[in-house]
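need the 3D shape of this:
(chains A and B)
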Amino acid sequence: MNKSRMKKIGMYLLLTIGAIAMILPFLWMLSTSLKSSNVTFVLPPKWIPDNPNLESYRQVFETVPMGRFFFNSIFVAVISTFFQVLICSMAGYAFARIQFKGREVLFYVYLATLMVPQQVTLTPLFIMMNMLGWANTYQALILPGIFSAFGTFLMRQFFMGIPNSIEEAAFIDGAGYVTIFFRIIIHLAKPVFATLFIFAFMASWNNFLWPLIITTDTTHMTLPLGLASLKGRWTTDWNVLMAGTLVSIVPMMFVYIFTQKYIIKGLTHTGLK
Amino acid sequence: MVGFNKWNKVKTLAIFLLPSLIGMTVFVILPIISSLGLSFTKWDLIGDIQWVGMANYSRVIKDPNIHGALWHTLQFIAGYLPSVMIISLGVAMLLNQKLKGVVFFRALYFIPVITSWVAVSMIWKWLLNPEYGIVNYLLSLIGIAGPGWLVDADWAMIGVILTSVWKDIGFITVIYLAGLQEIPGHLYEAAAIDGVNGWQKFRHITWPMLSSTTFFVVTISLINSFQVFDQVWVMTEGGPAGATSVMVQQIYLNAFRYYKMGYASAISWVLFIIIFAFTFAQNRMQKKWGYSDE
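From the prediction side, this is the model:
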């Protein structure tokens, strides 16, 4: 056996060990969730349960409104992502293409907010929402997540890279900015839309701190919160906890399987370019 | 623009920019300003707001809870940052080889990244269970009696770090991979002709050529890890005996458990100043010792 072949096998070995370390926790979650309470604590641990059953899943859905959490998470994520992409792209377009007084200054104000950590705005946002009587409402969950300086910045950078000539032709034909944006620009921007869409969706889907602060009743809880609330109810019933965790992961897994290429591409582009 | 009168321009600008401007003002800019204002006051949400000047800030500086939280946050960063960078760079270099199945491995390593912090924390809390957890079971197979992890004050932070590194490897790996793919192949070809060995190649080509990637990774990881909260809250709630209490948790507790709005705002501004100082210092260091890409 030659040296380069040995090296290759070594590399595959390392990659496989790493892959096992990444996957094993998920498999253990699956295995635990299929066990009955009385066999959860058996040593040595059994990877394949003797009597796999869906009892823990039934318990999850019976004790907490898991369906409701699902709906809330999806509803909040879809609405806030849609508006984030729309509003950021329109603002980004204005910053990139329309000349107006104070444009640079305004853009720097947007950029400056990026440096301030989210935690700084938590108390005023909480106070504001309570004054409006919006605690435990969808608008409180959705609105603060829509407006993103990062998204605006991302869009502006993209639009600056589009050659002016595309719009000039349309201007000569008498089209206005709005027509140009919705008829032409939107089609060119599909990849960057996809990137922002995925980032915004993931951020909303996984958001924990803000929902933790602004929701107290189960009717408006999103999945991460509902999951954390399970923890209080079933401290040691790991089969039930793992069933709940698995259910909360599945939708994002599906999104990931179909958008994997865009996610990694998007990350690569926004990260360094 | 041709044929554009002023009124039309104002209208266009309003359509494009106003939604964003109103939203940013109401939900980002005004809250930032009010938070700064609040930090000089004392308010429990019910009574009157009292102006207290710098009192909150001088209290932050003296508060042993804040000292503890800052110390634990720094412990987290000291454990998390180097580990996640070294492992991710290693994985990225393996994935950068012309091997079959690289796309598959990359997709696999990324799964924890798309999983929520709450879910990851739940899974690892179970894996790190002192008696029945898989981690201690695996350790026992090689004759090591595993620690109490999250219930042991000396080990809890290590458990949180382990979990966080596991979750973020995929993310940092993808960034490093992008950096590695930018390195021109002819540099390695030239090195191969000169008979340079693997370590020297890494030391003199790969690492210097990755300096801007590393700078980016350190910057975002540093900013994110100063804001560590979700995993701590789910795994330990800052315990045992406060051993894992972190800065954001102090903001959360003071604001939403004790209703000290002013004090919580002051802590958040101190956190901002610390993050800013670190980022600034890192930026300066990069300029001083950094390797230019040219």
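
which parts of the helix or strand hosting residue A:140 are buried?
Assigned by DSSP states H and E, residue A:140 falls within helix A:138-146. Neighbour counts over helix A:138-146 (16 or more other CB atoms under 10 Å in any protein chain shown) mark A:140-146 as buried. The way it works is simple: take the backbone N, C-alpha and C, and place the C-beta from them, glycine included.

and whatever helix or strand comes next after it with chain B, contact?
Scanning forward in sequence from helix A:138-146 by DSSP H and E, the next helix or strand is helix A:149-160. Yes. Helix A:149-160 reaches chain B (CB under 8 Å from any CB of the partner chain) through A:149, A:152.

now the helix or strand where residue A:20 lies, how far from the chain's geometric center?
Using DSSP H and E, residue A:20 maps to helix A:3-33. Helix A:3-33 has its C-alpha centroid displaced from the chain centroid by 26 Å (CA atoms, centre = their mean, to the nearest Å).

what of stretch B:186-194?
In terms of CA atoms, centre = their mean, the centre of stretch B:186-194 is set 37 Å apart from its chain centre.

what sits up against it?
For stretch B:186-194, contacts defined as CB atoms under 8 Å, 6 or more residues apart in numbering or on different chains pick out B:200-201, B:204-205, B:209.

just the C-alphas of that stretch, formatted as PDB.
Extracted C-alpha coordinates of stretch B:186-194, given in PDB (Å, rounded to 0.1, in the frame of the first residue of the first chain):
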ATOM      1  CA  HIS B 186       0.100  27.600  -7.300                       C
ATOM      2  CA  LEU B 187       1.500  28.500  -3.800                       C
ATOM      3  CA  TYR B 188       1.300  24.900  -2.800                       C
ATOM      4  CA  GLU B 189       2.700  23.700  -6.100                       C
ATOM      5  CA  ALA B 190       5.700  25.900  -5.700                       C
ATOM      6  CA  ALA B 191       6.200  24.700  -2.200                       C
ATOM      7  CA  ALA B 192       6.000  21.100  -3.400                       C
ATOM      8  CA  ILE B 193       8.800  21.700  -5.800                       C
ATOM      9  CA  ASP B 194      10.900  23.100  -3.000                       C
END
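
in that stretch, what counts as buried?
Going through stretch B:186-194 with 16+ other CB under 10 Å, nothing comes out buried.

repeat that for stretch B:19-33.
By 16+ other CB under 10 Å, the buried positions in stretch B:19-33 come out as B:19-21, B:23-24, B:27-29, B:31-32.

touching it from outside, list them.
With CB under 8 Å, 6+ apart as the test, stretch B:19-33 has contacts from A:87-88, A:90-91, A:106, A:109-110, A:113, A:116, A:120-121, A:124-125, A:128, A:143-144, A:146-147, A:149, A:152.

gap between it and the chain center?
Stretch B:19-33 has its average C-alpha position 24 Å from the chain's average C-alpha position, going by CA atoms, centre = their mean.

what is the end-to-end distance of that stretch?
20 Å (CA to CA, to the nearest Å).

likewise for stretch B:225-238?
The stretch stretch B:225-238 measures 15 Å between its terminal residues, going by CA to CA.

buried subset of the contacts of stretch B:19-33, written for ChimeraX?
Applied in ChimeraX, the following selects the buried portion of those according to 16+ other CB under 10 Å:
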select /A:87,88,90,91,106,109,110,113,116,120,121,124,125,128,143,144,146,147,149,152
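
now intersect the contacts of stretch B:19-33 with the strands, please.
Judged by DSSP state E, strands contain none of the contacts of stretch B:19-33.

that older thread, could you dump the buried residues of stretch B:19-33 into a markdown table with pLDDT and secondary structure added?
Formatted as a markdown table, those follow (pLDDT from 0 to 100; DSSP: H, G, I helix; E, B strand; the rest coil):
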| residue | pLDDT | secondary structure |
| --- | --- | --- |
| B:19 | 96 | helix |
| B:20 | 96 | helix |
| B:21 | 96 | helix |
| B:23 | 96 | helix |
| B:24 | 96 | helix |
| B:27 | 96 | helix |
| B:28 | 95 | helix |
| B:29 | 95 | helix |
| B:31 | 96 | helix |
| B:32 | 96 | helix |
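
specify which member of these is nearest to residue A:11.
The closest of those to residue A:11 turns out to be residue B:28 (CB to CB; 46.1 Å).

could you measure from that closest one over to residue A:127?
Using CB to CB, to the nearest Å, one gets 15 Å for the distance from residue B:28 to residue A:127.

next one: residue B:7
According to CB to CB, residue B:7 stands 39 Å off from residue A:127.

check residue B:199 too.
57 Å.

looking at the two, which is more packed in?
residue A:127 (18 against 8; other CB atoms under 10 Å in any protein chain shown).

ok, residue B:15 - contacts?
A:90, A:177-178.

low-confidence bits of chain A, can you list those?
Under the criterion pLDDT under 70, the flagged ranges of chain A are A:1, A:269-273.

and the closest residue to chain A within the stretch 151-294 of chain B, which of the three is it?
Nearest residue of the stretch 151-294 of chain B to chain A, counting by CB to the nearest CB: residue B:178, 4.1 Å away. Following DSSP: H, G, I helix; E, B strand; the rest coil, residue B:178 is assigned to helix.

what does the pLDDT read for it?
pLDDT recorded at residue B:178 is 87.

residue B:124 and residue B:40, how far apart?
According to CB to CB, residue B:124 stands 40 Å off from residue B:40.

out of these two, which sits in the more crowded spot?
Comparing residue B:124 with residue B:40 by other CB under 10 Å, the one with more neighbours is residue B:124, at 25 against 18.

that one sits in which helix or strand?
Using DSSP H and E, residue B:124 falls in helix B:117-127.
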